[in-house]
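**Q** here's my sequence, what's the structure:
(one chain, ligands or ions: 3)
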Amino acid sequence: MPPTELTLDATALLQQIHALGEVGRPAASPGRTRIALSDEDRAGRDQLVRWMRELGLAVRVDRIGNVLGILQPEGAAAGGGRPLMMGSHIDTVHQAGALDGCYGVLAGLAVVRAYRQAGSQPGRPIVVAAFTNEEGVRYQPDMMGSLVYAGGLPLQAALDTRGIDGTRLGDELARIGYAGDLEPGAIVPQEYLELHIEQGPVLEANGDLIGAVQDLQGISWQRITVQGVANHAGTTPTRLRHDPAYVAAACQVFLREQVADADPGTTLATTGSLRLEPDLINVIPRKATFTVDLRDPDAGRLQAARQRFVGFLADLAAREGVRFETESLVDLAPVVFDPGLVARIEAAAARRSLPCRRMTSGAGHDAQMIARIAPSAMIFVPSRAGISHNPREHTDDAQLVLGARVLLDVVQGCLGVH
Ligand code: HGY
Ligand code: MN
Ligand code: MN
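**A** Ligands and ions are numbered 1, 2, ... in the order given. Next comes the predicted model:
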């Protein structure tokens with residue numbers, strides 16, 4: 001007689017989170033780095049595939065390198081039907097924490113393990129997915145593997161993408177041995193669930209343990225190139241300067257004071273990358289290249305912020321006598337997740353008397369792409385001090401286990417135990 005409630009193997013989950021966190025972490029370093037399609041990413045993928053195979057999952061890799069572990073029910077439960085998909089990513093930013101993305105993928109394995117250890121079957125297939133290049137730090141856009149999977153970016157365009165290091169994505173994918181043969185999106189899930197750390201301060205600040213993520217804010221990424229005139233730092237009067245560094249700095253002030261701090265203060269603006277050339281102490285730069293990451297839950301506000309910024313840049317460039325170019329890398333509208341799945345997450349938390357809050361995701365996630373092809377939702381757990389994309393990223397083990405338990409409850413509610 002199958003059990004009415006599956007048991008989560010918390011020890012195995014935490015062990016795998018720790019073990020994967022060691023892949024790409026130099027001995028003396030607090031953080032790990034597994035940039036998409038790097039040798040370290042390959043090592044993380046190889047480890048994940050081994051764990052998938054240990055659980056008896058059929059492993060498929062698609063043509064953009066997404067890794068899918070498939071549990072196909074047998075016997076009476078093999079009633080077919082489209083799979084329930086859980087997933088996230090295992091590529092990281094530079095010097096990352098151990099949880100971003102990895103937690104959701106390994107919790108998916110923990111759900112499969114619960115069925116295996118109970119000798120039970122789900123009523124439909126389960127797919128655990130690790131999507132390629134979620135972080136988008138080497139190749140833009142981010143969430144690339146899931147975007148291709150959802151049909152939002154042509155495969156060939158993704159394969160031909162040039163990285164910030166000049167490499168071609170398709171070549172690197174082949175080099176690490178993950179240019180698979182499955183057509184991206186060939187397996188359309190009936191629903192998609194992603195468990196993830198919040199990466200922000202909201203849950204912790206409010207004493208909540210579970211976030212039922214109902215929507216995800218819009219994201220705009222632009223790369224700005226400003227061409228000025230290199231000149232001598234000591235002999236060039238200010239009035240004769242055409243200084244890209246000054247333009248880039250003025251843009252930062254504008255983005256903070258006129259965009260991020262403006263009412264209602266929901267737009268976030270970040271310059272994460274700034275490069276000056278020739279980058280020498282006594283030379284007025286000839287060129288500045290910088291990125292602008294804008295986020296807002298409201299599509300109209302996001303587009304207005306984007307336009308106001310470019311308008312400011314155009315006026316400033318004319319006054320400073322410099323030329324500029326803007327390259328759009330990402331322009332994603334906000335996404336609303338499936339209300340039915342969000343309600344299931346809340347109900348699962350309530351059954352365990354876990355304080356739960358409906359919320360918006362500040363970060364981008366693969367779920368926002370898969371939501372284009374299937375009902376999707378996310379479960380968040382707290383991040384200590386809201387820190388992420390930083391080796392100090394941390395969530396207490398007990399909180400990680402509770403999040404995975406809620407995921408298992410929701411999956412069990414969708415698939416049953418046979
Ligand atoms: O940029 C993001 O929000 C995600 O971490 N890729
Ligand atoms: Mn992530
Ligand atoms: Mn991330």
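**Q** would you say residue 133 is within a helix?
**A** No: secondary structure of residue 133, determined by DSSP: H, G, I helix; E, B strand; the rest coil: coil, with no helix assignment.
**Q** mind checking the SS state of the closest residue to it other than its chain neighbours?
**A** Of all residues not flanking residue 133 in the chain, residue 36 sits nearest, at 3.8 Å (Cβ to Cβ, 6 or more residues apart in numbering). Where you see a C-beta, it was placed from the backbone N, CA and C, and this is true even at glycine. Look at residue 36: counting by three-state DSSP, its state is coil.
**Q** just the one 5 residues further on next, same as before
**A** In the three-state summary, residue 41 is assigned as helix, counting by three-state DSSP.
**Q** picking that back up, look up how far residue 281 lies from the residue nearest to residue 133.
**A** 34 Å (Cβ to Cβ, to the nearest Å).
**Q** next one, pLDDT for the residue of the stretch 151-300 of the chain at minimum distance from ligand 2 please.
**A** Closest residue of the stretch 151-300 of the chain to ligand 2, Cβ to the ion: residue 196 (5.9 Å). Looking at residue 196, its pLDDT is 98.
**Q** run through the residues that contact it.
**A** When contacts are counted by Cβ atoms under 8 Å, 6 or more residues apart in numbering, residue 196 touches 88, 100, 101, 103, 104, 363, 365, 378, 379, 380, 381.
**Q** let me know whether whichever strand or helix holds it sits next to ligand 1.
**A** Residue 196 belongs to strand 191-197 when assigned by DSSP states H and E. No: judged by Cβ under 6 Å from any ligand atom, strand 191-197 stays clear of ligand 1, getting no closer than 9.7 Å.
**Q** chain center to that strand: distance?
**A** Centre-to-centre, strand 191-197 and its host chain are 11 Å apart (Cα atoms, centre = their mean, to the nearest Å).
**Q** can you name the next helix or strand after that strand?
**A** The helix or strand immediately downstream of strand 191-197 is helix 202-206, counting by DSSP H and E.
**Q** so which bits of that next one are buried?
**A** Residues of helix 202-206 classed as buried by neighbour count (16 or more other Cβ atoms under 10 Å): 202, 203, 204.
**Q** what's the answer for stretch 97-110, then?
**A** Quick answer for stretch 97-110 (16+ other Cβ under 10 Å): 97-110.
**Q** now those residues as JSON lines including distance to residue 75?
**A** Below are those laid out as JSON lines (distance: Cβ to Cβ, whole Å):
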{"residue": "97", "distance to residue 75": "41"}
{"residue": "98", "distance to residue 75": "37"}
{"residue": "99", "distance to residue 75": "36"}
{"residue": "100", "distance to residue 75": "38"}
{"residue": "101", "distance to residue 75": "34"}
{"residue": "102", "distance to residue 75": "32"}
{"residue": "103", "distance to residue 75": "32"}
{"residue": "104", "distance to residue 75": "29"}
{"residue": "105", "distance to residue 75": "27"}
{"residue": "106", "distance to residue 75": "27"}
{"residue": "107", "distance to residue 75": "26"}
{"residue": "108", "distance to residue 75": "22"}
{"residue": "109", "distance to residue 75": "22"}
{"residue": "110", "distance to residue 75": "23"}
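**Q** now tabulate these in a markdown table and tack on distance to ligand 1.
**A** Below are those laid out as a markdown table (distance: Cβ to the nearest ligand atom, whole Å):
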| residue | distance to ligand 1 |
| --- | --- |
| 97 | 12 |
| 98 | 15 |
| 99 | 12 |
| 100 | 7 |
| 101 | 8 |
| 102 | 13 |
| 103 | 13 |
| 104 | 12 |
| 105 | 15 |
| 106 | 18 |
| 107 | 18 |
| 108 | 18 |
| 109 | 21 |
| 110 | 22 |
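**Q** ok, which of those residues also contact ligand 2?
**A** Near ligand 2, taking Cβ under 5 Å from the ion as the test, the members of the buried residues of stretch 97-110 found are 100, 101.
**Q** of the buried residues of stretch 97-110, which belong to strands?
**A** Using DSSP state E, no member of those falls in strands.
**Q** residue 192 reaches residue 379, doesn't it?
**A** No: Residue 192 lies out of contact with residue 379 (Cβ atoms under 8 Å); the separation is 11.8 Å.
**Q** ligand 2 contacts on the stretch 1-150 of the chain?
**A** Residues of the stretch 1-150 of the chain lying near ligand 2 (Cβ under 5 Å from the ion): 100, 101.
**Q** would you map the helices across the stretch 1-150 of the chain?
**A** 10-22, 39-54, 102-118, 144-149 (DSSP state H, counting those that start in this stretch).
**Q** what's the most buried one of the ones you listed?
**A** Comparing the helices of the stretch 1-150 of the chain by mean neighbour count (mean count of other Cβ atoms under 10 Å), helix 144-149 ranks first with a mean of 30.
**Q** skipping adjacent residues, who's closest to the closest residue to ligand 1 within the stretch 151-300 of the chain in space?
**A** Closest contact between the stretch 151-300 of the chain and ligand 1, by Cβ to the nearest ligand atom, is at residue 219 (6.6 Å). Spatial nearest neighbour of residue 219, excluding adjacent residues (Cβ to Cβ, 6+ apart): residue 332 at 4.7 Å.
**Q** cool, and residue 198?
**A** Nearest one to residue 198, counting by Cβ to Cβ, 6+ apart, is residue 380 at 4.2 Å.
**Q** now for the helix or strand hosting that neighbour, which elements pack on it?
**A** Residue 380 is located in strand 376-381, with elements delineated by DSSP H and E. When contacts are defined as 3 or more Cβ pairs under 8 Å, 6 or more residues apart in numbering; DSSP states H and E, strand 376-381 packs onto strand 191-197, strand 210-216, helix 339-351, strand 356-361, helix 367-370, helix 397-415.
**Q** nearest to residue 5, out of the ones you listed?
**A** Nearest to residue 5 among the helices and strands packed on strand 376-381 is helix 397-415; the distance by Cβ to Cβ comes to 7.2 Å.
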